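K.L.:
Return atomic coordinates for the entry below.
(one chain, ligands or ions: 2)
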Amino acid sequence: MSLDRLTFHGLRNLQAVELAPGPRINLLTGANGSGKTSLLEGIHVLGMGRSFRARQLRHAIAHDADAMTLHARLVGEPPVTIGVRRHREGGELEMRLSGERLDRVSRLVQCLPLQLINPDAFRLLEGPPAGRREFMDWGVFHVKHDFLDAWRRFRRALKHRNALLRHGRISDASLDAWEQELVLWGGHLDGMRREWIDSFLPVFEDTLGELISLPGLALRYSRGWDRKRELGEVLRQARDTDHQMGFTQQGPQRAELGIRLGKRPAVEVLSRGQQKLVVSALKLAQGRLLEQLTGRACIYLIDDLPAELDSEHRRVFCRWLERMQCQVFITSVDPDALAGLWQADTRVAMFHVEHSESGQGQVLPMDRQTS
Ligand SMILES: Nc1ncnc2c1ncn2[C@@H]1O[C@H](COP(=O)(O)OP(=O)(O)O)[C@@H](O)[C@H]1O
Ligand SMILES: [Mg+2]
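P.N.:
Ligands and ions are numbered 1, 2, ... in the order given. Alright, predicted model coming up:
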């Protein structure tokens with residue numbers, strides 16, 4: 001899976017950018033503020049429907065533009081075009097797949113599996129469980145076709161149960177109905193997550209082992225409710241306290257992928273550098289497992305690799321990227337930090353991101369660089 005054309009208009013300082021990325025490793029270098037992260041951001045918006053650095057997408061629209069329009073062509077027989085547009089004034093994100101209007105972001109996500117590694121990626125370890133749940137569910141979503149449907153049905157039942165808990169007196173009969181739904185779909189979600197984690201663990205351990213030796217580091221899935229009791233029973237018994245709290249306290253919406261070293265959360269024990277390697281291994285393992293289970297490769301967006309890893313670990317990391325049949329976009333201020341990392345037969349395309357005279361960012365293949 002790879003993109004062979006990107007056309008961006010009105011994205012931050014990238015007012016009009018056209019780029020033909022190579023199928024494998026794409027190195028984007030350029031001075032601070034030239035637009036490297038914005039380029040990754042554009043690909044992220046195409047694949048996820050949202051930015052990784054602006055809560056509101058309209059903040060990513062170029063100051064003097066009314067809208068941002070992003071297009072990408074996905075290699076295939078036939079090729080697929082993905083397009084998104086966001087106007088500054090109101091409106092939602094318009095999404096198209098080969099011209100056909102989409103109403104769900106999940107279709108974009110399905111088409112363009114992305115993994116992002118940037119300084120914020122380290123929140124995966126230190127941040128709240130929601131980030132790790134999202135990480136896990138990304139994996140499940142891409143390999144289990146029923147996941148999205150089960151997740152939607154579960155969310156709907158949860159919303160209704162929470163609404164009943166918050167408003168008025170609780171009627172056991174109406175709670176019964178929604179709890180049955182929660183038990184049914186919650187059980188499916190848990191089953192799919194369990195299966196996924198069983199296949200993920202060996203891939204993660206293998207990947208991490210080459211990056212760093214951390215005996216005792218373990219991932220542990222917990223399903224979000226008491227290990228010894230059925231979800232139905234848990235929900236019934238918690239009605240009063242859930243009513244007081246105003247929401248459902250246990251269930252798969254509270255699942256967690258714990259990352260521990262011995263008995264303690266890994267984040268409390270590991271150095272910053274070790275944490276970066278664990279997160280890198282998690283993200284690489286996601287891509288490897290996706291490839292193993294579906295034959296599809298995901299696209300890696302890696303912002304400022306030299307800042308994230310020292311030179312020795314950069315090398316091991318890049319070996320993994322080479323072994324996977326995936327397309328990669330890597331940014332760096334310093335071209336020399338990225339140049340020597342690749343084996344002779346790896347296809348590497350280099351681009352230079354720079355300001356044009358008008359102050360707009362442009363992206364040029366290295367052999368056409370103007371400065
Ligand atoms: N909404 C916007 N409109 C126009 N320019 C913007 C907007 N937001 C940020 N910029 C500018 O875009 C440039 C590119 O930023 P960025 O992609 O972070 O650069 P890099 O990653 O190469 O350091 C910066 O100079 C920044 O000031
Ligand atoms: Mg940047």
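K.L.:
Only C-alpha atoms from now on, for both contacts and neighbour counts.
P.N.:
Noted.
K.L.:
Could you pull out the strands in the stretch 1-150 of the chain for me?
P.N.:
3-11, 14-19, 25-29, 67-74, 80-87, 94-97, 100-102, 114-117 (DSSP state E, counting those that start in this stretch).
K.L.:
Let me know which of the ones you listed is tucked in deepest.
P.N.:
For the strands of the stretch 1-150 of the chain, the largest average neighbour count (mean count of other Cα atoms under 10 Å) is found in strand 25-29, namely a mean of 24.
K.L.:
Quick check: neighbours of that strand in the sheet, parallel or antiparallel?
P.N.:
In its sheet, strand 25-29 lies beside strand 328-332 (parallel), strand 348-355 (parallel), with partners assigned from DSSP bridges.
K.L.:
Pick the most buried one from these.
P.N.:
strand 328-332 (a mean of 24).
K.L.:
Identify the residues contacting the helix or strand following that one?
P.N.:
Using DSSP states H and E, the helix or strand that follows strand 328-332 in sequence is helix 336-339. Contact partners of helix 336-339, identified using Cα atoms under 8 Å, 6 or more residues apart in numbering, comprise 27, 306, 332.
K.L.:
what's the distance between the last one and ligand 1?
P.N.:
Computed as Cα to the nearest ligand atom, to the nearest Å, the residue 332 to ligand 1 distance reads 8 Å.
K.L.:
can you check residue 160 too?
P.N.:
When residue 160 is compared with ligand 1 (using Cα to the nearest ligand atom), they lie 39 Å apart.
K.L.:
and that residue, that's in a strand?
P.N.:
No. Assigned with DSSP: H, G, I helix; E, B strand; the rest coil, residue 160 falls outside any strand and is helix.
K.L.:
For it, give me its contacts.
P.N.:
residue 178.
K.L.:
got JSON lines for the strands paired with strand 25-29, with mean pLDDT too?
P.N.:
Compiled in JSON lines, those are given as follows (pLDDT from 0 to 100):
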{"stretch": "strand 328-332", "mean pLDDT": "96"}
{"stretch": "strand 348-355", "mean pLDDT": "94"}
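K.L.:
In TSV, list the strands of the stretch 1-150 of the chain along with distance to ligand 1 and mean pLDDT.
P.N.:
TSV is the format used below for the strands of the stretch 1-150 of the chain (distance: least, Cα to the nearest ligand atom, whole Å; pLDDT from 0 to 100):
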stretch	distance to ligand 1	mean pLDDT
strand 3-11	7	98
strand 14-19	7	94
strand 25-29	8	95
strand 67-74	10	98
strand 80-87	13	97
strand 94-97	19	97
strand 100-102	25	96
strand 114-117	14	96
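K.L.:
Let's verify the residue in the stretch 151-300 of the chain positioned nearest to ligand 1: helix, strand, or coil?
P.N.:
Per Cα to the nearest ligand atom, the residue of the stretch 151-300 of the chain with the smallest distance to ligand 1 is residue 300, at 16.1 Å. Here residue 300 is recorded as strand under three-state DSSP.
K.L.:
quick one: it from residue 18, how far?
P.N.:
Separation of residue 300 from residue 18 (Cα to Cα, to the nearest Å) stands at 20 Å.
K.L.:
What residues of the worst-scoring helix or strand of the chain on mean pLDDT count as buried?
P.N.:
Lowest on mean pLDDT, DSSP states H and E among the helices and strands of the chain sits helix 305-308, with a mean of 82. By 16 or more other Cα atoms under 10 Å, the buried positions in helix 305-308 come out as 305, 306, 308.
K.L.:
Let me know the closest of the residues you listed to residue 222.
P.N.:
Residue 222 has its nearest neighbour among these in residue 308, at 29.5 Å by Cα to Cα.
K.L.:
The closest one and ligand 1, how far apart?
P.N.:
For residue 308, the distance to ligand 1 - Cα to the nearest ligand atom - is 14 Å.
K.L.:
quick one: contacts for that residue?
P.N.:
Contacts of residue 308 (Cα under 8 Å, 6+ apart): 118, 119, 276.
K.L.:
measure the second one to residue 195 for me?
P.N.:
Looking back up the chat, that one is residue 119. Taking Cα to Cα, one finds residue 119 at 30 Å from residue 195.
K.L.:
I'd like to know which of the contacts of residue 308 are part of helices.
P.N.:
residue 276 (DSSP state H).
K.L.:
And the contacts of residue 308, which of them are buried?
P.N.:
Members of the contacts of residue 308 classed as buried by 16+ other Cα under 10 Å are 118, 276.
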